[in-house]
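*Asks:* Okay, here's the prediction I keep looking at, along with the sequence it came from:
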Amino acid sequence: MKVLVVGKGGREHALAWKIAQSFYVDKLFCFPGNAGIAKVAEIPDIADDSVESLLNFALQESIDLTVVGPEDYLAKGIVDAFEAKGLRIFGVNKEAAQLESSKAFAKEVMKSANIPTAAYSTVTDFETGNKILKSSKYPVVLKADGLAAGKGVIICGAYDEAVSELSQMLGGKFKSAGTKVVIEEFLKGEELSLLLLTDGTNVKPLLFSQDHKALNDGDTGLNTGGMGAYTPVKSGTSELYEKVDKSVTQPLLKELKKRGINYRGILYIGLMVVEGEPYVLEYNVRFGDPETEPLMFMLISDIIPYFWAVAGKEGSSLRGKDENMPLFTTLESLPDLVWRSGYGMCVVLASGGYPESYEKGKIISGLDSVDNDCVVFHAGTKFDASGNIVTDGGRVLMVTSGGKNINEAVENTYKNVAKITFDKAYFRHDIAHREQERAK
Ligand code: AMP
Ligand code: GLY
């Protein structure tokens with residue numbers, strides 16, 4: 001079959017890398033792609049990255065399955081547009097994407113379904129917000145309602161900071177994403193990510209993983225898109241999984257169904273575990289980045305049957321090639337995902353200055369010198385005019401490796417991080433520190 005991956009980050013590189021190994025895939029495209037993705041997929045010549053151009057390409061090439069990485073495409077309705085033309089696409093539709101694209105909507109859904117989450121208020125005017133901030137306990141969390149590339153959440157230690165942040169958000173700091181602001185109780189605990197494949201009724205969980213959102217060692221500094229991740233997580237026990245299933249996943253799927261929302265795709269549950277009890281910090285409607293990199297590294301199962309089953313719409317006519325694909329039926333009929341033993345992890349190499357301003361175009365060296373059991377997923381890279389691979393974004397590379405225990409995984413990964421260089425490269429030195437602590 002012919003597959004198209006949409007996106008250009010480390011997450012999409014990891015997905016394309018995994019899909020390229022599938023038994024079922026003859027031809028893989030990725031757009032817009034990057035210099036690393038070009039090694040595992042063809043980057044086609046498409047005029048631009050609009051939904052319309054991608055749809056035209058998929059129709060022309062008779063793409064059998066499209067897999068969408070980033071949330072903005074989902075929020076723009078790429079799935080609805082492809083399905084309207086009879087194309088099979090993995091990702092949630094526009095209505096379901098609101099669970100990520102509007103924090104106020106997500107909180108309202110959680111409240112209706114009685115899902116444990118931090119207490120909150122949603123405000124659209126300064127006066128109301130100011131009143132709430134005056135009587136809040138600190139720290140308090142302010143969240144711009146809309147998509148703000150992972151930068152719209154600010155933890156404020158005191159009233160003065162919070163009130164200034166509120167006025168900036170409502171004043172357009174995040175453009176229209178900040179016209180509504182969620183003011184939320186600060187939860188103290190351990191943050192975990194749980195990604196689930198779901199057709200709206202059935203669920204196949206991926207392993208628990210843990211991201212490191214803060215820029216600097218010791219979880220200090222600015223919030224970023226994520227500086228590294230590992231999987232599995234010892235505190236992500238089967239007991240915790242059962243609690244999440246019962247108090248979060250099932251009530252959410254039921255509530256969405258009640259509202260007529262057809263949720264098919266990835267459900268990413270951002271959890272804060274407070275004294276053993278799971279609270280939802282956020283939902284994302286797509287794979288996490290950088291969690292996907294170690295997750296795909298650790299996954300043994302062929303991912304395509306899962307994507308295919310989730311992407312299939314009841315009642316939609318299957319395309320011609322399906323007859324030859326006996327495995328592709330329903331998510332329910334597929335076995336649980338199978339994983340490598342031990343740990344997988346990735347360390348993000350970022351451009352100095354990220355998540356604020358940084359330079360691009362730095363030549364990257366050492367990419368070919370990594371060990372065989374290390375995969376370097378590319379996020380912000382491209383080829384320059386002379387064919388060198390150069391930096392082209394804030395997060396540049398996700399150096400991914402593993403080991404039979406967490407210490408070995410850390411050692412293997414950092415050994416390879418040391419082999420790759422570019423001007424002003426920045427990375428954290430303590431990815432997986434919580435798991436290393438637990439292993440002591
Ligand atoms: P989000 O974009 O909602 O994932 O928020 C970004 C980060 O802010 C999260 O990964 C948490 O580290 C932190 N955060 C968000 N909400 C809360 C909360 N209610 N209490 C504590 N930390 C939070
Ligand atoms: N790793 C956090 C996210 O993908 O939102």
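*Replies:* In hand now; what should we look at? Ligands and ions are numbered 1, 2, ... in the order given.
*Asks:* so which residue of the stretch 201-350 of the chain comes closest to ligand 1?
*Replies:* Residue of the stretch 201-350 of the chain nearest ligand 1, by Cβ to the nearest ligand atom: E282 (3.5 Å). Bear in mind the C-beta positions are built from the backbone N, C-alpha and C, glycine included.
*Asks:* so that residue sits right up against F105, yeah?
*Replies:* No: with contacts counted by Cβ atoms under 8 Å, E282 stays clear of F105, the gap being 11.7 Å.
*Asks:* Contact residues of the chain facing ligand 1?
*Replies:* Counting by Cβ under 6 Å from any ligand atom, the chain comes close to ligand 1 at 118, 141, 150, 153, 155, 184-187, 191, 213, 223, 270, 281-282.
*Asks:* about what we covered before: wait, does the helix or strand where the residue of the stretch 201-350 of the chain closest to ligand 1 lies contact ligand 2?
*Replies:* According to DSSP states H and E, E282 maps onto strand 277-284. Yes: part of strand 277-284 sits near ligand 2 under the criterion Cβ under 6 Å from any ligand atom, namely N284.
*Asks:* Whichever helix or strand comes after that strand vs ligand 2: in contact?
*Replies:* Of the helices and strands lying after strand 277-284 in sequence (DSSP H and E), the nearest is helix 292-298. No: contact of helix 292-298 with ligand 2 (Cβ under 6 Å from any ligand atom) is absent, the minimum separation being 8.0 Å.
*Asks:* Now helix 292-298: average pLDDT?
*Replies:* The average pLDDT for helix 292-298 rounds to 98.
*Asks:* quick one on the thing from earlier: average pLDDT across the strand holding E282?
*Replies:* On average, strand 277-284 scores 96.
*Asks:* for that strand, the distance to its chain's centre please.
*Replies:* Relative to the centre of its chain, strand 277-284 is centred 14 Å away, using Cα atoms, centre = their mean, to the nearest Å.
*Asks:* List the buried residues in that strand.
*Replies:* For strand 277-284, burial by neighbour count (16 or more other Cβ atoms under 10 Å) applies to 278-284.
*Asks:* picking that back up, so what's the residue of the stretch 201-350 of the chain closest to ligand 1 up against?
*Replies:* The neighbours of E282, taking Cβ atoms under 8 Å, 6 or more residues apart in numbering as the test, are 100, 103, 106, 270.
*Asks:* Repeat that for K85.
*Replies:* Listed by Cβ under 8 Å, 6+ apart, the contact partners of K85 are 55, 59.
*Asks:* middle-most residue in the chain, spatially?
*Replies:* Geometric centre of the chain, nearest residue: G288, 1.6 Å, by Cα atoms, centre = their mean.
*Asks:* Phi first, then psi, for that residue.
*Replies:* Dihedral pair for G288: phi -80, psi 150, per degrees, to the nearest 10.
*Asks:* cool, S351 as well?
*Replies:* According to degrees, to the nearest 10, S351 has phi -80, psi 130.
*Asks:* now swap in I43 and tell me
*Replies:* Per degrees, to the nearest 10, the backbone of I43 is at phi -90, psi 110.
*Asks:* for the one 4 residues further on, same thing?
*Replies:* In terms of degrees, to the nearest 10, the main-chain angles of A47 are phi -50, psi -50.
*Asks:* neighbours around the nearest residue to it once chain neighbours are set aside, how many?
*Replies:* Spatial nearest neighbour of A47, chain neighbours left out: S53 (5.2 Å); criterion: Cβ to Cβ, 6 or more residues apart in numbering. Residues near S53, counting by other Cβ atoms under 10 Å, number 13.
*Asks:* can you map out the helices along the stretch 301-440 of the chain?
*Replies:* 304-311, 406-417, 433-439 (DSSP state H, counting those that start in this stretch).
*Asks:* Could you list the buried residues of the second one?
*Replies:* Within helix 406-417, the residues that qualify as buried are 406, 409-410, 412-414, 416-417, counting by 16+ other Cβ under 10 Å.
*Asks:* swap in the shortest one?
*Replies:* Of the residues in helix 433-439, those with enough neighbours to count as buried (16+ other Cβ under 10 Å) are 433-436.
*Asks:* Nearest to ligand 1 among these?
*Replies:* R434 (13.3 Å).
*Asks:* ok, now which ones touch that closest one?
*Replies:* 190, 210, 235.
*Asks:* which of the residues you listed has the most neighbours?
*Replies:* Neighbour counts for these, by other Cβ under 10 Å, peak at Q210, which reaches 24 neighbours.
*Asks:* Thought L192 was touching that residue, still the case?
*Replies:* Yes: with contacts counted by Cβ under 8 Å, Q210 reaches L192, the gap being 5.8 Å.
*Asks:* Give me the common contacts of these two.
*Replies:* Taking Cβ under 8 Å, 6+ apart as the contact rule, Q210 and L192 both touch V233.
*Asks:* if we can go back for a sec, quick one: which of the residues of the chain next to ligand 1 sit in strands?
*Replies:* Secondary structure from DSSP state E places 141, 153, 155, 184-185, 191, 223, 270, 281-282 of the residues of the chain next to ligand 1 in strands.
*Asks:* about what we covered before: how about the contacts of R434 in a markdown table, adding distance to F126 and pLDDT?
*Replies:* Output for the contacts of R434, formatted as a markdown table (distance: Cβ to Cβ, whole Å; pLDDT from 0 to 100):
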| residue | distance to F126 | pLDDT |
| --- | --- | --- |
| E190 | 34 | 96 |
| Q210 | 36 | 98 |
| S235 | 40 | 96 |
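*Asks:* what's the closest of those to A84?
*Replies:* Taking Cβ to Cβ as the measure, Q210 is the one of those closest to A84, at 38.2 Å.
*Asks:* residue contacts, that closest one?
*Replies:* Contacts of Q210 by Cβ under 8 Å, 6+ apart are 191-193, 229-231, 233, 291, 432, 434-435.
*Asks:* In CSV, please show the C-alpha coordinates belonging to stretch 172-191.
*Replies:* What follows is stretch 172-191, C-alpha atoms only, in CSV (Å, rounded to 0.1, in the frame of the first residue of the first chain):
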residue,chain,number,x,y,z
GLY,A,172,-3.2,39.4,22.3
LYS,A,173,0.1,37.9,23.4
PHE,A,174,-1.0,34.6,21.8
LYS,A,175,-3.2,36.3,19.3
SER,A,176,-6.7,34.8,19.2
ALA,A,177,-5.6,31.8,21.2
GLY,A,178,-5.7,34.0,24.2
THR,A,179,-9.1,35.6,23.9
LYS,A,180,-10.3,33.1,26.5
VAL,A,181,-8.0,32.2,29.4
VAL,A,182,-8.3,29.2,31.8
ILE,A,183,-7.2,29.9,35.4
GLU,A,184,-6.4,26.7,37.0
GLU,A,185,-5.3,25.3,40.4
PHE,A,186,-1.7,24.2,40.5
LEU,A,187,-1.3,20.4,41.0
LYS,A,188,1.9,19.0,42.5
GLY,A,189,2.9,15.5,41.6
GLU,A,190,4.5,13.4,38.8
GLU,A,191,3.7,14.1,35.2
